[in-house]
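*Asks:* All I have is the shape, not the residue letters:
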């Protein structure tokens, strides 16, 4: 569970940063200075990494046994600038931290036969 959560969080931050760069630097540069490097190249990298983000987010959602609507929100977060950071913090607070705490808690069962 810890590895899946870490992969998701890393990809959420990478995807979030790239979409912010494309939307707030690449598109204005493309419109104002006709410089298409950021919008095209960084946009392509974001698109590829967004697919990786979707895969890791879906794996995490399956491990956490999330319901449909939170899973859809999780998967679409990489399409809206800044939303990845908001959803990542929400996911960590509501789903990931409790699951990791429950996973690392010592077992309350007594050994059988004693």
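*Replies:* Yes, it's here. Bear in mind the structure is a predicted one, so any value in this text is a computation, not a measurement.
*Asks:* ok now do residue 27, which residues does it touch?
*Replies:* Going by C-beta atoms under 8 Å, 6 or more residues apart in numbering, residue 27 touches residue 39. C-beta: built from backbone N, CA, C; applies to glycine.
*Asks:* element containing it?
*Replies:* Following DSSP states H and E, one finds residue 27 within helix 27-33.
*Asks:* residues of that helix that come out buried?
*Replies:* Residues of helix 27-33 classed as buried: residue 30 (neighbour count, 16 or more other C-beta atoms under 10 Å).
*Asks:* got the buried residues for the helix ranked longest in the chain?
*Replies:* Identified as the longest helix of the chain according to DSSP state H is helix 43-64. Within helix 43-64, the residues scored as buried using 16+ other C-beta under 10 Å are 43, 46, 49, 50, 53, 54, 56, 57, 60, 61, 63, 64.
*Asks:* Contacts for stretch 65-80 next, please.
*Replies:* By C-beta under 8 Å, 6+ apart, the surrounding residues in contact with stretch 65-80 are 12, 15-16, 19, 50, 53-54, 57-58, 60-61, 83-84, 86-88, 91, 95.
*Asks:* Please apply the same query to stretch 12-22.
*Replies:* Identification of contacts with stretch 12-22 by C-beta under 8 Å, 6+ apart yields 38-39, 42-43, 45-46, 49-50, 53, 57, 77-85, 87-88.
*Asks:* one more time with 6 Å
*Replies:* Residues outside stretch 12-22 that contact it (C-beta atoms under 6 Å, 6 or more residues apart in numbering): 42, 43, 46, 49, 50, 53, 78, 81, 84, 85, 88.
*Asks:* now the helices: where do they sit in the protein?
*Replies:* Under the criterion DSSP H, the chain contains helices at 2-21, 27-33, 37, 43-64, 68-76, 83-91, 97-104.
*Asks:* could I get the ones you listed as a markdown table with mean pLDDT?
*Replies:* A markdown table is the format used below for the helices of the chain (pLDDT from 0 to 100):
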| stretch | mean pLDDT |
| --- | --- |
| helix 2-21 | 94 |
| helix 27-33 | 91 |
| helix 37 | 87 |
| helix 43-64 | 95 |
| helix 68-76 | 93 |
| helix 83-91 | 94 |
| helix 97-104 | 90 |
